[in-house]
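Asker: Give me coordinates for this.
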Amino acid sequence: MTCDVQGFHLCYLGLIHLSHRLRCCINMSVGSGGDSRDDFSPQPNRPALSWGVKIRKKLKAMAPFLGKFRPLVGQCCHQCTPESLGRKLLQDTPSLGFQNLLYVKETHTRYRGWLVRRVCCVLFICSRKVDSGPVGDRLLRILSTDRVKRVLTPQSSVKECGEDTRGVLTLTETFQSPTLIRLVGWLLLRFLSLMFCSVQVNLSQMAALHRAEQPNIPLVYVYIRQGAVDQALISLTLLCHNLRVPYSVYPAQVHNGWMRVILQKLGVIFLPDHAATEQEAETHSLYSPIMTSLVGDLLMAGESLSVGVCEESGYGGQWLARIRQAVAEGLVPDVSVVPVGISYDCPPSCQSTHPQPGVLSVLRFALSLLSADERGGVRIHFAQAFSLKEMCDSGKCHVDGRRPLQDLLLPAVLHNRKDTIFGQKDVSWLLPPTFLPELSHSERQLSAALTLHLMHSVTSSMAVMSTSILSCLLLHKHRRGVRVSVLCRDLCWLLEEVLFRRCDVGFGGSVLSVVFHALSLLRPHLLMAAAPPSGEPLVTARPDPHALLTLGRHGQLLTHVFITEAVGACAVSALLCEVAGCGGGEMEFDVALGQEELTEKSLQLTHLLPAGYIPVSHTISSRSIGTHHPCQTADSFALDAVDSMVRCGILIMEEVQRDTPVCDFWKRQGVFSWTASDDPEHSSDSECEEQDTRSYKLSQPSQCPELLFFLCSLLSVELRALCWAIESLDLLPFPLTEAVCVTQLHTHLRNKAQLDKVHHESSSVKLVRMALRTLTDFGVLMEDRQSKEVYLEISPFFLQAENKHKIFQFVSQFLYG
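Answerer: Got it, this is the predicted structure:
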């Protein structure tokens, strides 16, 4: 990359100056009333900004769509919960715009004046309604339940219980103090204003949430764990809008005595003192029945709950199972579940180092944000509330007939059998046998399906931030660097594609404002240089592990947005290499691809995807443009993946040359044949469909299909980590505990990335856990749960180098680059 040193310094100083100016001119939400004019006009003392005027002229036709369209996100599933969807809580709400929670002024209070303007935040918080139900004799009610009596029968009284048992019983002492909630709410407003430049919420969604409140039907908020401030943001949002503050499940250990007391008065439910992890806590004989009874008691009292689900392990699903038990036992008539999507301009870095946030990670995350030159924003989306009873008891969410991943894919891998890949993948590991052992097999399967359904719903509700789009472009489209003008052009293209798929974005303003705001936040992870003669900046990612891991974490949400197209692109890439009969990533583009073969490849890759990308319930695919529903089968998802390649313009249907007229061809194939029976059960829609197999070709075989490679690159991060994990199995001294296996495999993946010198984003701890989960489901690794620890050991069948090589070749066929 050619660098002009003087121009680089001018560009860098200009970028710093612009980033501070953008705090005032950038509107952090699309269409929220901010000024979207391009404010980068030339000034006499700023020669480095002259290229900004040129970019503005090039992008005049690209900016108008910003703020003109906002997709309706967060609607509940039309298949599993049609009655809840029919309430139209979101559709019937007019657009009310957005609100920055951190911006409190005197108009938010009932008073006016000079003094009010200085204490308006205190007056605002004091005016908030906090509903706190009576605690009463909650411990006695819990001890009187049958499930707890069965465990405490051998002991005469609670006083004679062991120390661990008394520690579990103290967890029921949590309650909500209205005074303390208001005080902490005021402190959070002041503290979060130092961490973030804005916390945006959709007022239309808040209005729908007010209408969703019903007597005797509590609300349960479900989110995906990203950091330790997730629960604080949800509780603060609900407090500021006069909604009931929920009791929060906090899956971490707090050893500080006074901190534990304060948090318990805010309605926080901790892990017991003797347990460091959720898995260890669930092994205690009394913990599970106590927590199940506590959840039932809180729901009976009309309290709301907030539950976080871990994306890698599925932990948190046991709390959803307890809530479903309370509904099934009739303790509460129904529960309204609200998926909550939280998007950060700068995702919490603690998620990459520890799956369960603690107090130290909160302080670390806060200090990292306070020490940064630029502060990012947060967007919170509350999806439409749906009935848990309707989803679980209506029978529309089928969970029977699942098969382990090794039964679906191993025959195809080892014996090239294609008939075994059709079916649904078993996800019972989302709720391990040590969690809630009293559940039956069918109830456990239903709870796991509910967890997966909500993981997908939460991810679909999350807004795409500007840092996510730029990180995705720099990692997957412009790995070797790009000019800012080209970056602006591609941002417009990718933004249109995101909105076209009915996903919301968490930013707004002019194109240059959005790009420079994202660049200012990502500046520590980028290299910038001024390119002569115009001085326009060139931007590329820093080639160090921390920078690439951070950019990979930023751009992860785009993989969920384009997952249908990414699966279809990887299937096309794998089939092109297979048809050409060559390796090393070489392809032959001018070939015909059969629909059946493309669908088989897509289905194989779909089974390899981690949990949360597609769900597990049974329904017919919507086959709608750019969308897939949270209860779509793997088979219909694979068909949509092939269709998406045609919609994107990557594939075109090949013309079939026939010597006979089409009508004669259809008649010979039996397409126009009808049965003589009048029984409607003997008729089928397929009797009137064309029976010949379609084939496709690349739309531009003579040119490099850039879009195809971009979509393949989105999934290459996960697939490369899985390939590296397979190659590293011989280096691990099995048997190992799950925690030790994660640590050692993470070390090997980092060493692989150091040798590779390019793809450090594939060496994160999160991807290591996902790879271990996939290898366990594949049958490559075996789990031993005889003791409290889970031990992993390689299967004897895969100790043979030939079988392990076949697994590696099967996964690597989908890997691009």
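
Asker: List the buried residues for stretch 432-441?
Answerer: Neighbour-count burial for stretch 432-441 flags 432, 435-436, 439 (criterion: 16 or more other Cβ atoms under 10 Å). No exception for glycine: its C-beta is placed from N, CA and C like everyone else's.

Asker: Straight-line length of stretch 105-120, end to end?
Answerer: End-to-end span of stretch 105-120 (Cα to Cα, to the nearest Å): 6 Å.

Asker: one step back: just give me the least confident of the buried residues of stretch 432-441.
Answerer: Minimum pLDDT across the buried residues of stretch 432-441 is recorded for Pro432, with 88.

Asker: re the thing from before, reformat the buried residues of stretch 432-441 as JSON lines; add distance to Ser644 and secondary structure.
Answerer: JSON lines is the format used below for the buried residues of stretch 432-441 (distance: Cβ to Cβ, whole Å; DSSP: H, G, I helix; E, B strand; the rest coil):
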{"residue": "Pro432", "distance to Ser644": "35", "secondary structure": "coil"}
{"residue": "Phe435", "distance to Ser644": "37", "secondary structure": "coil"}
{"residue": "Leu436", "distance to Ser644": "38", "secondary structure": "coil"}
{"residue": "Leu439", "distance to Ser644": "38", "secondary structure": "coil"}
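
Asker: What distance do you get for Arg70 to Ser198?
Answerer: For Arg70, the distance to Ser198 equals 17 Å [Cβ to Cβ, to the nearest Å].

Asker: Mind checking which of those two has more residues around it?
Answerer: A direct count of neighbours by other Cβ atoms under 10 Å for Arg70 and Ser198 places Ser198 higher, at 24 against 17.

Asker: tell me the phi and psi of the more buried one?
Answerer: phi -160, psi 150 (degrees, to the nearest 10).

Asker: And it, how close does it get to Tyr103?
Answerer: Separation of Ser198 from Tyr103 (Cβ to Cβ) stands at 7 Å.

Asker: can you pull out the strands in the stretch 101-250 of the chain?
Answerer: For the stretch 101-250 of the chain, the strands defined by DSSP state E, counting those that start in this stretch cover 198-202, 219-224, 247-249.

Asker: so which of those strands is the most packed in?
Answerer: strand 198-202 (a mean of 25; mean count of other Cβ atoms under 10 Å).

Asker: Name the residues that touch stretch 720-735?
Answerer: Here stretch 720-735 makes contact (Cβ atoms under 8 Å, 6 or more residues apart in numbering) with 608, 741, 744-745, 748-749, 752, 759, 762-764, 767-768, 770-772, 774-775, 780, 784, 791-794, 798, 804, 807-808, 811-812, 815.

Asker: now with 7 Å?
Answerer: With contact meaning Cβ atoms under 7 Å, 6 or more residues apart in numbering, stretch 720-735 is reached by 741, 744-745, 748-749, 752, 759, 762, 767, 771, 774-775, 784, 791-794, 804, 807-808, 811-812, 815.

Asker: returning to what we had before: ok, the buried residues of stretch 432-441 vs Leu736, which is closest?
Answerer: Pro432 (17.8 Å; Cβ to Cβ).

Asker: Please tell me how far Val579 sits from Leu115.
Answerer: Applying Cβ to Cβ, the value for Val579 to Leu115 is 77 Å.

Asker: More neighbours: which of the two?
Answerer: It is Val579, of Val579 and Leu115, that has more neighbours when counted by other Cβ under 10 Å, with 15 against 11.

Asker: Tell me the helix or strand right after the strand or helix carrying that one.
Answerer: Per DSSP states H and E: Val579 is located in helix 563-580. Once helix 563-580 ends, the next helix or strand along the chain (criterion: DSSP H and E) is strand 593-594.

Asker: Given that following strand, what are its sheet partners and their directions?
Answerer: Sheet pairing for strand 593-594, assigned by DSSP bridges, gives strand 695-698 (antiparallel).

Asker: Need the residues that contact the strand it pairs with.
Answerer: The contact list for strand 695-698, computed with Cβ under 7 Å, 6+ apart, reads 589, 592-595, 650-654, 705.

Asker: if you set the cut-off to 6 Å instead, what comes out?
Answerer: Outside strand 695-698, the residues that touch it by Cβ atoms under 6 Å, 6 or more residues apart in numbering are 589, 592-594, 651, 653-654, 705.

Asker: Among these, which pair sits farthest apart?
Answerer: Going by Cβ to Cβ, the pair spanning the contacts of strand 695-698 furthest: Gly594 and Pro705, at 18.5 Å.

Asker: Sticking with the residue nearest the centre of the chain, tell me its helix or strand.
Answerer: Nearest residue to the geometric centre of the chain (Cα atoms, centre = their mean): Thr459, 3.8 Å. Assigned by DSSP H and E, Thr459 falls within helix 441-461.
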